[in-house]
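Chemist: Could you work out the structure for the sequence below:
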Amino acid sequence: MADLIFPDYIAPSDYSEWTYSTGWTTGQADNSGHNSRKYATATAVGEKATCQSGVAFTDAVIYMFGSRFAGLVDILVDGEVKYSNFDCYLYIDGSTNSMKNVPMIYLSGLSRTTHKIEIVCKGASGSKSTGTTVGVNFIYFMDPDTPVGTAQNSKLLFVGDSNSDRQGGWCDKQFKRLLNSFQLGNRVQIEYSTRPSGSSDYIRFLENDIIAKRPAMINLMLGTNDLPNQDINTKANIETAIKICQKYGVSIQLCTILPRLGLNAFSWNKVNGQIRELAMKYRLPLLDINVYVANNTTSAITPFQSDGIHLDAVGDNLAAHHLFDTFFAPGNPFRKLL
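Modeler: Model prediction:
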């Protein structure tokens, strides 16, 4: 029976439901923020991962491996090809960085029964990729008795990058501490859809994440890792995210990005100007973390860690208080989650 609070089944890739052909590298640790599951990858043509579901379902979301060196894959259900030559390429700043748990594949409209899912490596790259790596992390088997797109009224989803998805950071320990101090922590279910080095290219998979995790509200912080690539249209991607949230009735709060040591100020100022413009255009709440925490300047010392990118304990504390104050401002949809 599905859990009434979290009515979804989860089958991590290292569970017995999965079997792999000999060319897969299995049991790899996914240390991307709050996800502690294992994942597996393959590079050669014909390598196959198979999951025989132990539950009946009609919809599922497969979380897979994405990077600039990710390749093509076929997805089969009960022997029928549902996705052919699906391109797992995902722009991420840094040639070796990767996202291990991207909600790439949405299976829908299946008969209500158990199904066999197969992921087949094509051993080929798409037009942008530099490699052939494909991978699987886990699957959300959606509860067939809960309509797709139904939000959980108390669920908050943080979508961002490694600055907002660090265990013990401002969106985690610090913010939860403030909630609990007002005895509100047990009223809000917090999830993280963020991945280290995530760029706004991830937005094309946001709809799948909303379908699987069913948040009532999203805090969106994306754009840091688009820089300095000029081919990524951050503004257009964030506007797409806003429209996806509108489609599913999900409230959204925008968030400016922090400076990055080594980049000129114009690059992040431009992105933040676009984020503020979209917040005004769509009348959305805005967490202006750049101004509040960093005062729009880079630094290799507090409130940043020595890398000049991630916040230190002082910065996390400042950001968490600003997040808390913004959430509880009059008219902020977060108040409805309580």
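Chemist: can you give me the helices in the protein?
Modeler: Assigned by DSSP state H, the helices in the chain fall at 175-181, 206-213, 234-248, 265-281, 289, 313-327, 334-337.
Chemist: What lies in contact with the fourth one?
Modeler: Which is helix 265-281. When contacts are defined by CB atoms under 8 Å, 6 or more residues apart in numbering, helix 265-281 is touched by residues 223-224, 226-228, 234-235, 238-239, 242, 254-260, 284-286, 288, 290, 296-298. (Each C-beta comes from the backbone N, C-alpha and C, glycine too.)
Chemist: Also stretch 240-253?
Modeler: Contacting residues not belonging to stretch 240-253 are listed as 149, 151, 159, 200, 203-204, 206-207, 210-211, 215-220, 222, 278, 282, 284-287, 326-327, 332-334, 336 [CB under 8 Å, 6+ apart].
Chemist: Against N35, how distant is the one residue sitting closest to the centre of the chain?
Modeler: With distances taken as CA atoms, centre = their mean, the chain has S193 as the residue nearest its mean C-alpha position (3.1 Å). Distance of S193 to N35, given as CB to CB, to the nearest Å: 10 Å.
Chemist: before we move on, back to that, which residues does the residue nearest to the centre of the chain contact?
Modeler: When contacts are counted by CB under 8 Å, 6+ apart, S193 is found next to 157-159, 206, 209, 213, 218.
Chemist: Just send those residues back as TSV, with neighbour count and distance to E47 too.
Modeler: Supplementary listing: the contacts of S193 in TSV, determined by neighbours: other CB atoms under 10 Å; distance: CB to CB, whole Å:
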residue	neighbour count	distance to E47
L157	24	33
F158	25	34
V159	27	31
L206	23	29
D209	25	26
K213	21	29
I218	28	35
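Chemist: Pull the most distant pair out of these.
Modeler: Taking every pair in the contacts of S193 and measuring CB to CB, the maximum separation is 12.6 Å, between F158 and L206.
Chemist: so who does N290 touch?
Modeler: When contacts are counted by CB under 8 Å, 6+ apart, N290 touches 256-259, 268, 272, 296.
Chemist: and these, which are buried?
Modeler: Judged by neighbour count, with 16 or more other CB atoms under 10 Å as the criterion, the buried members of the contacts of N290 are 256-259, 268, 272.
Chemist: so which of these comes closest to N317?
Modeler: The shortest gap between N317 and any of these belongs to L258, at 14.7 Å (CB to CB).
Chemist: Between the two ends of stretch 98-115, how far is it?
Modeler: 29 Å (CA to CA, to the nearest Å).
Chemist: and if you look at stretch 211-218?
Modeler: The first residue of stretch 211-218 is 13 Å away from its last residue (CA to CA).
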